[in-house]
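In: need the 3D shape of this:
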Amino acid sequence: MGPPQLSDVVRWQVMGMRNAGMSLRAIARNVGHHASTISRLVRKHQQTNDFKDRNRSGRPRVTSHREDIALLRLTRIHPFMRSGVLKREWLPNRRLSDRMVRNRLKTAGYRARRPVRRPLLTRAHIAARLAWCQQRRPWNLASWRRIHWSNESRFLLFMTEGRARV
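Out: Just a heads-up that it's a prediction; the model follows:
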């Protein structure tokens, strides 16, 4: 993470307070940023007579902000789609990586999850389960202790489990 980003409004406020004769520490307390951030902004303004951010180095983004919003909309419509399929649906004529799609979703707060498999219950299943519960509703603790409950555990021999993440 780099230094904190200041909005243009805060930058103008800082310069106004500095021109009014306030100290850097007093300005920092007022705007809620560290004194070194304020000092750097004032120094930049004195040297260049401007305080806009310079162009940053590094690779430019492949997608625009609007395209990223379209990806989020597509993800909300199809929440169980994997990143490779999302990529083909999102921008079919562009060469993008699955990793880039996952990075865009991660910055938006989405995480890959394993879909939970649940049995599809029909009305007959629901009625049978309700009848089972109603038959055992008057049971006391001694009746329940006569039932042996079991649980299943999964053990992986290899790192991959073969389950899709969406």
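In: what residues of the helix or strand containing residue 17 count as buried?
Out: Assigned by DSSP states H and E, residue 17 belongs to helix 8-19. Using 16 or more other C-beta atoms under 10 Å as the test for burial, helix 8-19 gives 10, 11, 14, 17, 18. Heads up, the C-betas are built off the backbone N, CA and C, glycines and all.
In: is the most centrally placed residue in the chain in a helix, a strand, or coil?
Out: Nearest to the geometric centre of the chain sits residue 109, at 0.9 Å (C-alpha atoms, centre = their mean). Under DSSP: H, G, I helix; E, B strand; the rest coil, the three-state class of residue 109 is coil.
In: pLDDT value on it, please?
Out: For residue 109, the pLDDT comes out at 92.
In: got it, and residue 54?
Out: Reported pLDDT for residue 54: 75.
In: this structure: strands as residue ranges?
Out: Remark: no strands are assigned in the chain by DSSP state E.
In: how is it carved up into domains?
Out: With domains defined by automatic domain parsing, the chain comprises 8-48, 65-107.
In: quick one: end-to-end length of the first one, please.
Out: Separation of the first and last residues of domain 8-48 by C-alpha to C-alpha, to the nearest Å is 16 Å.
In: please list all residues in contact with residue 11.
Out: Residue 11 makes contact with 41, 51, according to C-beta atoms under 8 Å, 6 or more residues apart in numbering.
In: let the chain start at 10 from now.
Out: Sure, I'll start counting at 10 from here, so that last one is residue 20.
In: against residue 27, how distant is it?
Out: 11 Å (C-beta to C-beta, to the nearest Å).
In: how many neighbouring residues does the nearest residue to residue 107 once chain neighbours are set aside have?
Out: In this structure, residue 107 finds its nearest non-sequential neighbour in residue 92, 4.5 Å apart by C-beta to C-beta, 6 or more residues apart in numbering. Counted with other C-beta atoms under 10 Å, residues neighbouring residue 92 total 21.
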